[in-house]
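Novice: Show me the folded form of this:
(chains A and B)
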2 protein chains.
Amino acid sequence: MTNPSRSSGPLAGIVVLDLSRILAGPYCTLLMAEMGARVIKVEPPKGGDDARAYGPFVNGKSAYFASINRGKESIALDLKNDADRKILEGLLEKADVIVENFRPGTMERLGYGWETLHVKYPRLIYAAASGFGHTGPNSKDPAYDMVMQGLGGMMSITGHEGGDPARVGMSIGDIGAGLYTAIAVNAALVHRLTTGEATKVDIAMFDCQLALLENAIMRYNVEGEVPGPLGARHPTITPFQAFRAADGPIIIAAGNDGLFVKMCEALACPDMAANPDYATNAWRLKNLQLLQKEIGEVLKTKSVAEWVTILAAAGVPSGPINSVAQAIKHPQVSPRNMLVEVPDGSGGTLKLVGNPLKISGFEDPSTRAQAPDLDGNRNDILSWIGG
Amino acid sequence: MTNPSRSSGPLAGIVVLDLSRILAGPYCTLLMAEMGARVIKVEPPKGGDDARAYGPFVNGKSAYFASINRGKESIALDLKNDADRKILEGLLEKADVIVENFRPGTMERLGYGWETLHVKYPRLIYAAASGFGHTGPNSKDPAYDMVMQGLGGMMSITGHEGGDPARVGMSIGDIGAGLYTAIAVNAALVHRLTTGEATKVDIAMFDCQLALLENAIMRYNVEGEVPGPLGARHPTITPFQAFRAADGPIIIAAGNDGLFVKMCEALACPDMAANPDYATNAWRLKNLQLLQKEIGEVLKTKSVAEWVTILAAAGVPSGPINSVAQAIKHPQVSPRNMLVEVPDGSGGTLKLVGNPLKISGFEDPSTRAQAPDLDGNRNDILSWIGG
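Specialist: Numbering: from 1, shown residues only, chains lettered A, B, ... in the order given. Now for the predicted structure:
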């Protein structure tokens, strides 16, 4: 199978051996494939990556799986079988990076821990994404996305004031870890190219949740107040939130004093601009209730679309709250190639999210190679390692 | 000023010229500084980076700014002044990467667009993080985090079922773009080390929002149903959500059939495990209401802590919904060095989030250099470029 994304990209020539499943690891290697790396999934023979069983299904195949595994290759190996271990070792010999998201200790039990691999394959970069990382007392605890969103504090600041905590609508626990893993792996490649030395990357979903909450944690440590959910407003910048226009919610982000004055002009509220109670962000935050009420009174007189046009003309950032259906119809989506076509493996086509990593000089084709069938590239891979 | 993080890391020796402000660009360069790069902030002489004016303040200095700019250096340059432009050009001569998050077109108006710079400084990697990217009809529209959370669809799937959309508690619009920018810049460094060729990185906050929503967009494209907010449960995996124990919310993430059976055993509910209506994830999703009620009845008999212990013993992922205050007391925080001490510049110390990018062979000190005062490293920087 040809891979239109493989030949072109800043990581062209890099081979990634991907032992990871479901989401955090596979999301990292998806980005690497999009950047031109060759990604070889090593899957257990029985069923493969768990995500192959996650819906929705199209012609019997998981679209969940396709969304994050398009453009990769697959070989099924039983890592407890001697013949299959030989094949894995042939792959390790040729790979630049191995990515896994097993529970810590699993690779050691298989005889493929970092200490062992680093001695045998000194140029191999080892990347592990796990729930709690490879050190510390909870290292071996199991972890799933939502547990991490709860444990790391993310849910406690998401949702409406006074209401129950809400999950971030996407899997920020897994995807977050996948993003940090990709950053670290690329940095490790830079280091190896510079010094010849390979390193181990050890990313914890829990650490990543804290990292994403840098602002909330800073505020708590400085002010001593526990941040809570704020619905649809920024914690410290005002006005920077959702309001109600005549026909639905609208977001206005007047991020500084100049934009606040411009907003008042656009809303034809000179008194609001002149009010000393609203003169600085600190004052606006203090008088938030009143300010919100005043702005709300004005906004309810026109539609979201009308206000967005008026505010845009005044240079004030604003916008609607789009559904996913509306978001993908935005006029930037097509010119930025943010929806790509991927064969579903049964003669049909899936429309999946494109690659946000736009880097000059490389193709960004409007199609991608399909997600591999389990063991679907076995022969190619075996002949590549000369097996 | 010495920088304890600069000497050690996979990006040691890399110099980043950082013209970016507030959050998306600075978050990218924070990660680069944490990975050992030397990051030189180029700030406007009047007030510098806007984030210097964002609260909370400690001894008159912005802790918001410190959280994402610790360990960097600062020089104030007026990019419309000839003498200062000479200094910038001296820096461009020596830098590996320039990062900016201006509105597209700003750098061109200053005479420092990619086309110009690439000719003059052929080894310089150029990274732009903007709202809509450097191409497309909306390229030059202004953008702020929450506008992007609204526009890209993120808010529409965050919050409680049937309720108003909620903002993700942290600035996923900006931080998301910062993460993808860091991935792309590191990949561009790999490419330059491999081929000698420098590239332009063009990251759009809007593209990144879509990329983060890969699963929701895939579901919409496959099923035709517009995803909405689901409160604290996973859209397609069941049970994978928050429930109420006797003293508060608890998350249980039984991500597959095996874990569901284990959960039933831990809850002492053999009937639930044997019920054919719950036999597969698809059936559990179909019978969600009833299943939730049954599980809720059992959970309300014990505390969160008791259930977490029982479920952990059974191997079922579960956990509390921690506040930020609770999250940073987790037993992994200290062994993973996820809170570091940073001088506040007035004799005190800030406790800020540590570096989640754990890479073997490099120091991960428990302290970081303070955030720079505006123009605070001018002399060092000038003598470095021989000015």
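Novice: Residue A:84 - nearest residue in space that isn't next to it in sequence?
Specialist: Leaving aside its sequence neighbours, residue A:84 sits nearest to residue A:77 (C-beta to C-beta, 6 or more residues apart in numbering or on different chains; 4.2 Å). (Each C-beta comes from the backbone N, C-alpha and C, glycine too.)
Novice: Repeat that for residue A:73.
Specialist: Spatial nearest neighbour of residue A:73, chain neighbours left out: residue A:377 (3.8 Å); criterion: C-beta to C-beta, 6+ apart.
Novice: For that neighbour, the count of nearby residues, please.
Specialist: Residue A:377 has 18 neighbours, counted by other C-beta atoms under 10 Å in any protein chain shown.
Novice: Which residues are in contact with it?
Specialist: Residue A:377 is in contact with A:1, A:40, A:73, A:74, A:75, counting by C-beta atoms under 8 Å, 6 or more residues apart in numbering or on different chains.
Novice: Can I get the buried ones among those as something I can paste into ChimeraX?
Specialist: Remark: buried members of these, expressed as a ChimeraX selection using 16 or more other C-beta atoms under 10 Å in any protein chain shown:
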select /A:40,73,74,75
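Novice: What ranges does chain A have for its strands?
Specialist: For chain A, the strands defined by DSSP state E occupy A:15-18, A:38-43, A:57-58, A:61-62, A:73-76, A:97-100, A:125-130, A:200-204, A:240-245, A:248-253, A:318-320, A:339-343, A:349-353, A:358-359.
Novice: Let me know which of these is the nearest to residue B:373.
Specialist: With C-beta to C-beta as the criterion, residue B:373 lies closest to strand A:240-245 of those, at 26.8 Å.
Novice: Just the C-alphas of the closest one, formatted as CSV.
Specialist: Extracted in CSV, the C-alpha atoms of strand A:240-245 (Å, rounded to 0.1, in the frame of the first residue of the first chain):
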residue,chain,number,x,y,z
PHE,A,240,-14.2,37.8,27.8
GLN,A,241,-17.2,35.5,27.8
ALA,A,242,-20.4,34.3,26.3
PHE,A,243,-23.4,36.7,26.3
ARG,A,244,-26.9,36.2,24.8
ALA,A,245,-27.8,38.0,21.6
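Novice: tell me which strands and helices it is in contact with?
Specialist: Packing partners of strand A:240-245 (3 or more C-beta pairs under 8 Å, 6 or more residues apart in numbering or on different chains; DSSP states H and E): strand A:248-253, helix A:288-299, helix A:304-313, helix B:145-151.
Novice: contacts for it?
Specialist: A:231-234, A:249-255, A:292, A:295-296, A:299-300, A:302-304, A:306-307, A:321, B:144, B:146, B:150, B:155, B:164-165, B:167.
Novice: Show me how to select, in ChimeraX, the buried members of those.
Specialist: Buried residues within the contacts of strand A:240-245, by 16+ other C-beta under 10 Å, are selected in ChimeraX with:
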select /A:231,232,233,234,249,250,251,252,253,254,255,292,295,299,302,304,307,321 /B:144,146,150,155,164,165,167
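Novice: thinking again about what came up before, next one: phi and psi at the residue nearest to residue A:73?
Specialist: With angles defined as degrees, to the nearest 10, residue A:377 sits at phi -120, psi 20.
Novice: returning to what we had before: could the contacts of residue A:377 be laid out in CSV, adding pLDDT?
Specialist: Formatted as CSV, the contacts of residue A:377 follow (pLDDT from 0 to 100):
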residue, pLDDT
A:1, 37
A:40, 98
A:73, 98
A:74, 98
A:75, 98
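Novice: For stretch A:339-354, output the C-alpha coordinates as PDB.
Specialist: Provided in PDB are the C-alpha atoms of stretch A:339-354 (Å, rounded to 0.1, in the frame of the first residue of the first chain):
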ATOM      1  CA  LEU A 339     -11.000  17.900   6.200                       C
ATOM      2  CA  VAL A 340      -9.200  15.100   4.200                       C
ATOM      3  CA  GLU A 341     -10.600  12.100   2.500                       C
ATOM      4  CA  VAL A 342      -9.600   8.700   3.700                       C
ATOM      5  CA  PRO A 343     -10.600   5.400   2.100                       C
ATOM      6  CA  ASP A 344     -12.700   3.300   4.500                       C
ATOM      7  CA  GLY A 345     -11.300   0.100   3.200                       C
ATOM      8  CA  SER A 346     -14.600  -1.000   1.700                       C
ATOM      9  CA  GLY A 347     -14.800   1.200  -1.300                       C
ATOM     10  CA  GLY A 348     -16.200   4.200   0.600                       C
ATOM     11  CA  THR A 349     -14.500   7.300   1.900                       C
ATOM     12  CA  LEU A 350     -14.300   8.900   5.400                       C
ATOM     13  CA  LYS A 351     -14.000  12.600   5.900                       C
ATOM     14  CA  LEU A 352     -11.500  13.100   8.700                       C
ATOM     15  CA  VAL A 353      -9.800  16.000  10.300                       C
ATOM     16  CA  GLY A 354      -6.700  17.200   8.400                       C
END
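Novice: Now it: buried residues?
Specialist: For stretch A:339-354, by 16+ other C-beta under 10 Å, it's A:339, A:340, A:342, A:343, A:344, A:345, A:350, A:352, A:353, A:354.
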